[in-house]
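S.K.: How does the following fold in three dimensions:
(one chain, ligands or ions: 2)
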Amino acid sequence: MNTTCGNDGIRKQCIALHLPYIRENLNDLLMEAQQSDWSYSEFLEAALTIELDGRNRRAQEKRMKEAGFPYAKTLDEFDLNFCTAISRPQFHQLKELTWVDGLYNLILSGPPGTGKTHLAIALGRKACEDGYRVSYCTMQTLMRILRTQEIDRMSKTKLNRIKKSQLVIVDEVGYLPVGKSEGNLFFELISELQEQCSILITTNKGFEEWTELLGDPKMAAATLDRLSFRCDKIEMGGKSYRIENHSSFLDKDNDAELPGETG
Ligand code: ADP
Ligand code: MG
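M.R.: Ligands and ions are numbered 1, 2, ... in the order given. Predicted coordinates for the structure are as follows:
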């Protein structure tokens, strides 16, 4: 072994062996080993742990980015006192994600502002953290992807990613009407995904309204049949969190005087 090459040599070997995190942290590792009088095995374990942690972190960031969340929402921020549709034990079960392992689907339905998107994104992010491949898109984006998959490379890539995901989140189903041919594409995708991943859908429509939603009653029934086979539906009724917790910038007191207005 060539020990005369010193730390530069080690760094080069780290590059050759693709060990970026050991390379980055080499000085700190060596210093701590000296200061704490580490044994050889303690040093090796610390170096490998740094590499492994770094790789896990990078993989998690990649999963998070590829999932395509529009913004970050977390389960910790989700106020269960406000959302009475979900009990604490149920929330815990959702959070544990065993339903994703069991290929269960989840439908969050209810009026606007009741936390459907928040919960969907937060569960999706938790799944990314726990190592699952996740895809998020709105129904509108999904329709565009399905329509343009043959002519747009980005759509094709996104669709492939969806098909390889363990959790697929389709947000805002029912907000915009879907034509018969688009409904068909949606049905085909659901059929394909059904046996291979979990599907989380948020919708402002009840099941009975899905018929008009997908443009064709038979197809709507078939899509629902596929989705409902292994599925839980949570009705997030009640008030809008936005309206109940809105903030405003106008002074509440209309008669408040402006500075310098007196006299
Ligand atoms: P929906 O998708 O049902 O229309 P959102 O999930 O977009 O509603 O929620 C609207 C806003 O209210 C978001 O900023 C969200 O973070 C917040 N919100 C809704 N429900 C809750 C909740 N139970 N706890 C904390 N924030 C909530
Ligand atoms: Mg929403």
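S.K.: ok, how many other residues are close to the one residue in the stretch 151-263 of the chain that gets nearest to ligand 1?
M.R.: Distance from ligand 1 to each residue of the stretch 151-263 of the chain (CB to the nearest ligand atom) is smallest for Y241, at 3.2 Å. The C-beta positions use only the backbone N, C-alpha and C, and glycine is treated the same way. Using other CB atoms under 10 Å, Y241 is surrounded by 18 other residues.
S.K.: Was I right to think it contacts T114?
M.R.: Yes. Counting by CB atoms under 8 Å, Y241 does reach T114; the two are 6.8 Å apart.
S.K.: Helices of the stretch 51-200 of the chain, start to end?
M.R.: In the stretch 51-200 of the chain, the helices defined using DSSP state H, counting those that start in this stretch lie at 88-96, 98-101, 116-129, 139-148, 153-163, 180-194.
S.K.: need the contact list for whichever residue of the stretch 51-200 of the chain sits closest to ligand 1.
M.R.: Residue of the stretch 51-200 of the chain nearest ligand 1, by CB to the nearest ligand atom: G115 (2.7 Å). For G115, the contacting residues are F78, F82, C83, M236, Y241, by CB atoms under 8 Å, 6 or more residues apart in numbering.
S.K.: What about the first one, how many residues nearby?
M.R.: Right, the one you point to is F78. 19.
S.K.: mind listing what the most centrally placed residue in the chain touches?
M.R.: The residue lying closest to the centre of the chain (CA atoms, centre = their mean) is G124, at 2.7 Å. Taking CB under 8 Å, 6+ apart as the contact definition, G124 lies against A67, F69, V134, Y136, L167, I169, L200.
S.K.: Could you do A59 as well?
M.R.: Contacts of A59 (CB under 8 Å, 6+ apart): G131.
S.K.: Swap in 10 Å and give it another go.
M.R.: Applying CB atoms under 10 Å, 6 or more residues apart in numbering to A59 gives the contacts C128, G131.
S.K.: Likewise for R11?
M.R.: C5, L19, I22, R23, E24, L26.
S.K.: got the end-to-end distance for stretch 229-247?
M.R.: End-to-end span of stretch 229-247 (CA to CA, to the nearest Å): 42 Å.
S.K.: Go through that stretch and flag the buried ones.
M.R.: C231, I234, M236, G238, Y241 (16 or more other CB atoms under 10 Å).
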